[in-house]
Every structure is written in C-alpha cells, then in structure tokens.
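> Okay, predicted coordinates and the sequence, questions at the end:
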Amino acid sequence: MNALNFPLQLKFRITTLSNDFEAQDAQGNTIAYVRQKMLKLVEEVQVFNNESRSELQYTIKADRWLDFTATYTFTNRQGYEVGKIVRKGWASLWKAHYEILDEHHNTDLIIREENPWTKVFDSMLGELPVIGMLTGYFFNPAYILTRPDGTQVVRLKKEASFFGRRFTIDKLAEFETGEEERIVLGLMMLLLLERSRG
C-alpha cells in the first residue's frame, strides 16, 4: 500500500454479518477489502487485495482479549511487522486519541478526533426511530492524523450517508518513508474500533 492515489474512499457493506468494507483510490480502483473476523476472542482483521479475497495482504491483530487499551499489530503477507496502532485508554473516552507506532515501536503518528460532540449527537440521536436513519447526513465525525511535531498529514471524515457507510481519507502533506502503509492500515483499524463505539 504505497504510492496510492488520494483521496481514498472507504465504503462499509451492509449486506454481510461481518464488519466488511472496501477501499478505493481516486480513480475508483479497489486497493483493499477489509474483513473483521467475527466471534474471535482476540480481535483480528484481514486486509485482502480485493473483494474476491484471493490474496491476503495484511493481518491486524490485538495483543490481548477485550481490552480498552489493546495494541493492534500490522503484519504483512511475508510475516513482518510493519507497525501498530494503540488506543490511548482513558484519553479516548471523550475524544478519540490513538498513536501509530513504527516497526521499532516508536510513536510515528498521532490521531485525534476533531470534534467529539459530533459523535455524541450521532450516537444519541442514532438510537431514535426514523430520526436515527438521518443522523448520518448531519453528524459526521472527522479525525486528523499528525506527526509528533504537529504537521497534519491526513484527514479521515465520515461522509453524509445512510447507516454511516462512507468515509474519505484526504492527504494533507507528503508522506515520509514507510508512513503511507502504516497510515492506511491504522485508519482502517480506527474505523472498525470507532464504529463499534457508536
């Protein structure tokens, strides 16, 4: 997952029992098909090359069972660790806060939610009959990914859609070596975690 054409579009499938979504580049080419394994004690996500799931590209796996501060490791098809994403425990209760680590376990990138009130209203009103179907058009959370020096690199935003199915990743700065792969994998995992929170 390098030299991708941004912006990327992520679209969840609502016709499957599992938490699946497809990622496409700016030209509409599928770059990944993400499938979260269901009924696993230790959370595991598989990233395939396309919807046919013919070739497994990456595995993202939690380091522990059902833990709020779990670390999720990215492993490529050769079995090498290429990075991790860590949810920053209590700091994420109000406003989502994650860190992406490089292959040497150093903090490479930081992800923060732009406006936590958006998600609060989306979750509260999303439980109401009929109105809940419309919240996806009015409350759309966004996340900014920065380097430790504060440089904004990428923005992930939920797009107006029924059932909160569509997301866009916009590139804000040129990537440094190894960043692009970790960014895309990290944001894929963040989406699955944040969707489960509401």
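Everything's here; your move.

> going forward, measure contacts and count neighbours with C-alpha atoms only.
OK.

> hey, where'd the helices end up in the protein?
With DSSP state H as the criterion, the chain has helices at 116-126, 131-138, 179-197.

> ok, and what's touching the last one?
To tie it back to what came earlier, the one meant is helix 179-197. With C-alpha atoms under 8 Å, 6 or more residues apart in numbering as the test, helix 179-197 has contacts from 1-3, 19, 34, 45, 60, 74, 82-85, 100, 102, 108, 156.

> pLDDT weak spots in this structure?
15-18, 39-42, 66-68, 89-94, 116-139, 161-164, 196-198 (pLDDT under 70).

> For Tyr98, give me its contacts.
Contacts of Tyr98 by C-alpha under 8 Å, 6+ apart are Ile85, Val86, Arg87, Lys88, Ser92, Ile110, Ile111, Arg112.

> try 6 Å this time
Val86, Arg87, Lys88, Ile110, Ile111 (C-alpha atoms under 6 Å, 6 or more residues apart in numbering).

> how far away is the second one from Met189?
Just to be clear, that refers to Arg87. 10 Å (C-alpha to C-alpha, to the nearest Å).

> do the last one as well
From Ile111 across to Met189, the span is 12 Å (C-alpha to C-alpha).

> Which residue of the two possesses the greater neighbour count?
Ile111 (26 against 22; other C-alpha atoms under 10 Å).

> you'd agree that one is up against Leu145?
Yes: assessed by C-alpha atoms under 6 Å, Ile111 is found in contact with Leu145 at 4.4 Å.

> which residues in the protein form strands?
Secondary structure of the chain (DSSP state E): strands located at 8-12, 19-24, 30-36, 44-48, 56-62, 71-76, 81-87, 97-101, 107-113, 142-146, 152-158, 166-171.

> Give the partner strands of the third one in its sheet and their orientations.
Neighbouring strands of strand 30-36 in its sheet, by DSSP bridges, are strand 19-24 (antiparallel), strand 44-48 (antiparallel).

> Please tabulate those in CSV, including the columns distance to Thr168 and mean neighbour count.
Below are the strands paired with strand 30-36 laid out as CSV (distance: least, C-alpha to C-alpha, whole Å; neighbours: other C-alpha atoms under 10 Å):
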stretch, distance to Thr168, mean neighbour count
strand 19-24, 9, 22
strand 44-48, 18, 22
